[in-house]
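Novice: give me coordinates for this.
(one chain, ligands or ions: 1)
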Amino acid sequence: MPGLWTEDRILAPAARALVERFGFTTLRHAPRTGFYLCLGTTGLELREAGEQTPGPVRVDFASGVLAHRLRFGGGRGQPLARAVGMKSGHTPVIWDATAGLGRDALVLASLGSQVTLCERSAVLAALIQDGLQRAALDADIGGWIEQRMQLIFGDAARLLGNLTAEQRPDVVYMDPMYPPGKTAVLVKKDMRALQRLVGADSDSSALLESALGAATRRVVVKRPRHAEWIGGKKPSAAVESKKTRYDIYVTL
Ligand SMILES: C[S@@+](CC[C@H](N)C(=O)[O-])C[C@H]1O[C@@H](n2cnc3c(N)ncnc32)[C@H](O)[C@@H]1O
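Specialist: Predicted structure coming up:
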């Protein structure tokens, strides 16, 4: 697992909190090769040392790109929203079982859903936590982000199996990492770095089974448009967009 380097001594207490929650080792110096986490005064980022490596990865919910997606992404008419069953009068409670960089979760929360973001990679969970803390201070989006988005660090297949009847969400959403080289969807820079960090999610069939046992209405699985169904399991329906397919498994 990548170590944590802190740019400024003033951040030592925040670094200690990250080490305690996520188990990172602390680095005395920024390394010369490989991935490492850097905690600076503008937040936490994943960096890759070395020549010709991609730029840092961070979770910035108030960034221009995400703000643009929230404004012009299509609201409740966009494929993701239709797939989870958002229509006027119904706003599902959602578990995002594969939170990643929290982008899909942000869209769903912006449309009114309570979203639990579950992430098992310590690095990604720490990046999301940092992103949520900074976004909570944002004058435009901080209010609803704090109210509607909650992070859980751990394995969703296990955690979904332990939910009580009252804790079961309407919808479980999954977007497992797809193996490299199979699709152009992975060409996105941030996702490429993450793919190398966390690897392909080869256990997504087991996650789908847990999700089916936990969701009271439906499970939605995001796939590259022409990919096979997870575990060969035929969905009840699908919503397609240019590059992506959302397989819907109704559990009602
Ligand atoms: C492709 S990324 C998700 C991207 C995300 N939808 C977004 O909008 O940023 C997949 C993520 O799911 C996480 N993941 C896969 N299986 C998981 C599981 N069983 N429990 C928790 N996290 C899981 C991986 O660690 C990875 O960060």
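Novice: what is the burial count for Ala193?
Specialist: When counting by other CB atoms under 10 Å, one arrives at 19 neighbours for Ala193. Just so you know, the C-beta spots here come from the backbone N, C-alpha and C atoms, and that holds for glycine as well.
Novice: residue contacts, the closest residue to Lys233 other than its chain neighbours?
Specialist: Excluding the flanking residues, the one nearest Lys233 by CB to CB, 6 or more residues apart in numbering is Leu208, at 6.6 Å. Shown in contact with Leu208 (CB atoms under 8 Å, 6 or more residues apart in numbering): 174, 219, 221, 230-231, 233, 249.
Novice: Leu11 now?
Specialist: Leu11 neighbours (CB under 8 Å, 6+ apart): 39-41.
Novice: so what sits opposite the residue nearest to Asp175 when sequence neighbours are not counted in the bridge?
Specialist: Nearest non-adjacent residue to Asp175, counting by CB to CB, 6+ apart: Lys222, 4.0 Å away. Taking DSSP bridges as the rule, Lys222 bridges to Tyr246.
Novice: re the thing from before, list buried residues within the contacts of Leu208.
Specialist: Buried positions within the contacts of Leu208, assessed by neighbour count (16 or more other CB atoms under 10 Å), are 174, 219, 221, 230, 249.
Novice: re earlier: out of the contacts of Leu208, who's nearest the ligand?
Specialist: Met174 (7.7 Å; CB to the nearest ligand atom).
Novice: that older thread, narrow the buried ones among the contacts of Leu208 to those in helices?
Specialist: The helices, defined by DSSP state H, take in nothing from those.
Novice: now do the contacts for Arg76.
Specialist: So Arg76 contacts 82, 86-88, 111 (CB under 8 Å, 6+ apart).
Novice: also Gln129?
Specialist: 21, 151.
Novice: let's see 6 Å
Specialist: Residues near Gln129 by CB atoms under 6 Å, 6 or more residues apart in numbering: Leu151.
Novice: look at it and give its secondary structure.
Specialist: For Gln129, the assignment made with DSSP: H, G, I helix; E, B strand; the rest coil gives helix.
Novice: equivalent analysis for Ser210, please.
Specialist: Looking at Ser210 with three-state DSSP, the answer is helix.
Novice: ok, it touching Leu163?
Specialist: No. Using CB atoms under 6 Å, Ser210 is not in contact with Leu163; the gap is 9.6 Å.
Novice: show me which of those two is the more surrounded one.
Specialist: Between Ser210 and Leu163, Ser210 has the larger neighbour count (other CB under 10 Å), namely 22 against 15.
Novice: get me the contact residues on the stretch 101-250 of the chain for the ligand.
Specialist: Within the stretch 101-250 of the chain, the positions near the ligand by CB under 6 Å from any ligand atom are 101-104, 118-121, 124, 155-157, 175-177, 198, 201, 207.
Novice: please repeat the previous calculation with a cut-off of 5 Å.
Specialist: 101, 103-104, 119-121, 124, 155-157, 175, 177, 198, 201, 207 (CB under 5 Å from any ligand atom).
Novice: any of these buried? List them.
Specialist: By 16+ other CB under 10 Å, those give 101, 103-104, 119-121, 124, 155-157, 175, 177, 201, 207 as buried.
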